[in-house]
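A.B. asks: need coordinates for the below:
(2 chains)
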Amino acid sequence: MSATMPDLPIWEQRAYQRMSTAKLIDGELRVRFANGDDVAVDPRRLVRSVEQADWGSLSLSPSEILIPAGNSELAVSWFDVRAASDIAFASYLAQTADDESARVGRRLRAMREQRGMSARQVADLAGITPVSLSRIEHGHHDVVYKTLQRLLSAMNFTLADFASFTTPVEPATARERLKEAGLPRTVIECILEGGKAGAEEIAGRLQRIFGWSAEDLVGPGTLTLRPATMPLRFKAAATQAPESSAYSQWALAIARLVDEGLERGPADVPDNPLAIREEIVAQHTDVRFESLLIWCWSHGVAVVPLDDAGNFHGACLTTDGRPTVVLKQRTPSASRWAFDLAHELAHIARHLPADGALIEANEISLKMASDDDEQEANDFAGELLLGDPDGMADLIEQDCAGDIRRLKKAVSERSQAEHLDSGVLANYLAYRLNLYGTDWWGTAATLQDTTIEAPRLTYEAINQRLVPNRITDPDDRRLLELALAQDTDQGD
Amino acid sequence: MPTVFEQENFAVRVYFSDTDRHQAPHFHVWVEGESIASISLSTLTPLVGGPLPRKIMKVLEARVKEIWEAWHECNDA
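C.D. replies: Got it, this is the predicted structure:
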């Protein structure tokens, strides 16, 4: 799996967080975690009154250690055991503390500006120097609880106001920053609703999808993506597609909303592509995009179309065994849509855990498979769509008696006779010829099936099945509606 | 017990944190007997886990003063 990139930080993994044993041995608290890590921590770093603690009587749950101490009880979280024993986690927390100071400073400043107060006025009323306030507003100083209270009180705000405050972001700033983050225009306009979305809606959407606060947006720093909260693999080296990451989070967020908005249970996608093919042929005579799409929906596989620009070619996601495929094809060729969908079904059947996601950062193509899984998914797609691709290719070579000038006609006739998608068959022939140094891709392109409107069918299928009221957050409902409104103007 | 409050299906808990370590003041959200997210107190940004459903966020925003006070008692007082 050389071309894959696990993107899940270890501390987001449940096994990293769950404690399985804890004991005080030779003055050290020794904890074993569910992932097998054994750590030892000085207990004075974990509880305040260590002398009163009866460590011999401690009790343990996966997230917490409870230690009797006189008439009370001391509690230690998994989080603090890890922070005291894992340098990488401690460094991450130190970085988030710096980020948080910057956010707090920007938010305080925005609130002060909303009140129309000068820095001196607020500093005087809060009993701190203007220099200290300036340092706080610039994120150079951590704000302690008492100071935060005094500052808010000076501006006639409460802690609850501070927690829920949305720092205003000008649409032009939002557009610029989201563009810098690599998002295509269509996605930016969807999030901003072409400038009609309010500041709170924009801030909420960015927080939920990317983990960015309004303060991150108005600040000078680079927007960094929140770590994925599930095993995530990229089917391309990250350096090949740096701009795909923000878009990947967008695509996965849409896929998760689709999952929330559908009534379905876990799917059972057969491991054998010929079994799927047999089922489809029994009902529809041939396996084309339309019949494959119907099979997917009837077997609990959701198919989400996206039509933005950018270096992202599809994804599949499973949530508690419920699979969702994201297709992003800008070509109307149903043959290409069919191949991509069949390819993603292979990943669902063979490569994804019950909860996981896989992003196609490279084009899904027979021309080149970036690793063994991609090759396997291509082979799976070939068998699903063509049955016996090599047997069919041999027959066609016989049909045209080895004369490549007769190949196009032979593919056309054979695909008609065998009820095959001519585009998929032509692509397979082009792939075979390419192995022998002959470039037939140009001719294959002329045989693509464009009689089926694959994008329209995919949008219709999903919009017919979604139950928007299942999505609890009204703004998520709105966002999904915007994302699934087919964009007929595909310019970027 | 470090529980600040329980509401509907979740609980908020705070712990003593070693002041030698550079960390944002934070609390933990528990669901069904396990910590599911660690959240910064000032801006309610997830540090680990999350993002949390909007319904939970609304409760946290409304009751943030209680959480701050519990955190202060646990760490500064």
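A.B. asks: isn't residue A:263 up against residue A:467?
C.D. replies: Yes. Contact criterion C-beta atoms under 8 Å: residue A:263 and residue A:467 qualify, at 5.9 Å. Every residue, glycine included, has its C-beta placed from N, CA and C.
A.B. asks: I'd say residue A:122 and residue A:157 touch.
C.D. replies: No. Assessed by C-beta under 8 Å, residue A:122 is found out of contact with residue A:157, at 10.6 Å.
A.B. asks: give the contact list for the residue in the stretch 351-492 of chain A positioned nearest to chain B.
C.D. replies: Nearest residue of the stretch 351-492 of chain A to chain B (C-beta to the nearest C-beta) works out as residue A:473 at 4.9 Å. Counting by C-beta atoms under 8 Å, 6 or more residues apart in numbering or on different chains, residue A:473 touches A:208, B:53, B:54.
A.B. asks: right, and the second one touches residue A:472 too?
C.D. replies: Yes. Between residue B:53 and residue A:472 there is a contact under C-beta under 8 Å: 6.7 Å.
A.B. asks: which residues in the stretch 1-150 of chain A form strands?
C.D. replies: Assigned by DSSP state E, counting those that start in this stretch, the strands in the stretch 1-150 of chain A fall at A:19-25, A:28-33, A:38-41, A:59-61, A:64-69, A:72-77.
A.B. asks: show me the one of these that comes nearest chain B.
C.D. replies: Closest approach to chain B among the strands of the stretch 1-150 of chain A (C-beta to the nearest C-beta): strand A:72-77, 4.6 Å.
A.B. asks: does the closest one reach chain B?
C.D. replies: Yes. Interface with chain B: strand A:72-77 contributes A:73, A:74, A:75, A:76, A:77 (C-beta under 8 Å from any C-beta of the partner chain).
A.B. asks: how many other residues sit next to the closest residue to the third one other than its chain neighbours?
C.D. replies: It stands for residue A:75. Spatial nearest neighbour of residue A:75, chain neighbours left out: residue B:2 (4.6 Å); criterion: C-beta to C-beta, 6 or more residues apart in numbering or on different chains. By other C-beta atoms under 10 Å in any protein chain shown, 21 other residues sit near residue B:2.
A.B. asks: state the distance from residue B:2 to residue B:66.
C.D. replies: Per C-beta to C-beta, to the nearest Å, residue B:2 is found 13 Å from residue B:66.
A.B. asks: how about residue A:195?
C.D. replies: Per C-beta to C-beta, residue A:195 is found 38 Å from residue B:66.
A.B. asks: which residue ranges of chain B form strands?
C.D. replies: With DSSP state E applied, chain B shows strands at B:3-7, B:10-13, B:26-31, B:34-40, B:46-49, listed in chain order.
A.B. asks: surely residue A:120 meets residue A:130?
C.D. replies: Yes. Contact status for residue A:120 versus residue A:130: in contact at 5.1 Å, counting by C-beta under 8 Å.
A.B. asks: now do the contacts for the most centrally placed residue in chain B.
C.D. replies: The centroid of chain B falls nearest to residue B:27 when counting by C-alpha atoms, centre = their mean (2.4 Å). Under the criterion of C-beta under 8 Å, 6+ apart, the neighbours of residue B:27 are B:4, B:12, B:13, B:14, B:38, B:39, B:41, B:67, B:70, B:71.
A.B. asks: excluding residues flanking it in the chain, which one is nearest residue A:85?
C.D. replies: If you skip the residues right next to it in sequence, residue A:85 has residue A:39 as its closest partner in space, 3.9 Å away by C-beta to C-beta, 6+ apart.
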